[in-house]
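Novice: here you go, sequence then predicted model.
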Amino acid sequence: MLMQNINDWFDRIQQSADEVTSADPMAYIEKNSSITNLPDHSRSPSDLIVLIAARSSREGLYDIYTRSLPGGQHIASSFSFPDDYPAQEHSHNYIELAFVLNGSMHIRFENHTETFETGEICLIKRGILHSDLLKRDNSIILYLGIADSFFDKTLLADFASHTSEAFIRDIIVKKRMEHDFVRFIPKHISGSVPRLYLNILEEFYCLKPGYVRLIQGYSERILCLLPAEYQVSLTKIEHKEYLYHVYQDVKSYIEAHYDTVTTTELSQIFGYGPDYFNRLIKRFSQKSYTELLQGTRIKAAASLLETTKLSVEAVSQLVGYSNLGFFYRTFRAAYHCTPKEYRRKMGPEHRHLSPI
């Protein structure tokens, strides 16, 4: 449905597009795209947002649409191109987030070419010379240009819901200052970013009331989702530190939701496969996922036995055990006594007891 919608959109704009017959079609695009290169001081930094949508085909047809805030002049063009066509080298006065919706994207930086596959995002630093290498394939690329000020204000905001996301956010800020580009690889295929790009595309095209604020909001949401839905290249030291942050996040989540948590739920929240969490927990705690979960539940049960008058069966249910016999066996293995014996023995002089 997503691809059908975007292809329908390109077919719509193609009907009113300029057919370029210039010997250098990309030079034509660059010449007529000056609207996308206004300096920050020419308007409010918060609304310096540019969108370029490009579609190529195996037949060698290239459709491109570009527009920037505030809405005004826009360009829709269509032309033919030979395979491996090198676009004109250029730079932008904004950060570019090039998203590969379908196919692949090839960008040349100085003396090397980087290829980005479906779902990946390339963040290109402001002022960096680069060029696109057009290939005859079925590719759709959405280029979102964002002012440095908008990028920094959004990404540096304290929005991260997990410490691992905050860590990746700081890494992104660091890498985009130190490198020409940053590669983002999606953790899974069900993320929200593709839909947000298409929402921006539709708002730029339709220009309905409120479109400026919607585009700003969608752009802000994309930046906020980068640390959560994407991976970036890390050094060995950074990767180890990141894994520890993920472990702490997972451990905290288990401790807060020990009665109902499952690895499927963890996968939905943290974006990794179920087997990943067992390896992660083993690495940092020397326990399996099951051992960590059971230990957390039994510790919570012990606390309830000490501080409430709930029946043992009620305590068992509250901490996530539907099988009372299994609860008894697990509790005895941890404390070397039954839950009733534990409650009876736990006077003030025994408060130092802890599960093994």
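Specialist: Cool, got the structure.
Novice: find the centremost residue of this protein, please.
Specialist: When C-alpha atoms, centre = their mean is applied to the chain, the residue found nearest the centroid is E229 (2.4 Å).
Novice: now it: how far from S78?
Specialist: Per C-beta to C-beta, to the nearest Å, E229 is found 32 Å from S78. C-beta here means a position set from N, CA and C on the backbone, and glycine is covered the same way.
Novice: contact partners for the residue nearest to the centre of the chain?
Specialist: E229 makes contact with 186-188, 191-193, 271, according to C-beta atoms under 8 Å, 6 or more residues apart in numbering.
Novice: R169 now?
Specialist: With C-beta under 8 Å, 6+ apart, R169 has these contacts: 155-156, 160, 226-227.
Novice: quick one, helices of the protein?
Specialist: Remark: helices assigned in the chain by DSSP state H are 2-14, 25-31, 148-155, 163-178, 193-206, 211-229, 236-256, 263-270, 274-285, 289-307, 312-318, 324-335, 339-345.
Novice: any idea which of those helices scores lowest on pLDDT?
Specialist: When those are compared by mean pLDDT, helix 25-31 comes last with a mean of 55.
Novice: sorry, back to before: so can I have JSON lines of the helices of the chain showing distance to R108?
Specialist: JSON lines is the format used below for the helices of the chain (distance: least, C-beta to C-beta, whole Å):
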{"stretch": "helix 2-14", "distance to R108": "25"}
{"stretch": "helix 25-31", "distance to R108": "13"}
{"stretch": "helix 148-155", "distance to R108": "23"}
{"stretch": "helix 163-178", "distance to R108": "19"}
{"stretch": "helix 193-206", "distance to R108": "23"}
{"stretch": "helix 211-229", "distance to R108": "24"}
{"stretch": "helix 236-256", "distance to R108": "27"}
{"stretch": "helix 263-270", "distance to R108": "35"}
{"stretch": "helix 274-285", "distance to R108": "35"}
{"stretch": "helix 289-307", "distance to R108": "45"}
{"stretch": "helix 312-318", "distance to R108": "61"}
{"stretch": "helix 324-335", "distance to R108": "60"}
{"stretch": "helix 339-345", "distance to R108": "68"}
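Novice: those helices: which one's closest to S57?
Specialist: Nearest to S57 among the helices of the chain is helix 2-14 (10.0 Å), distances taken as C-beta to C-beta.
Novice: just give the number of residues close to T262.
Specialist: By the criterion of other C-beta atoms under 10 Å, T262 has 11 neighbours.
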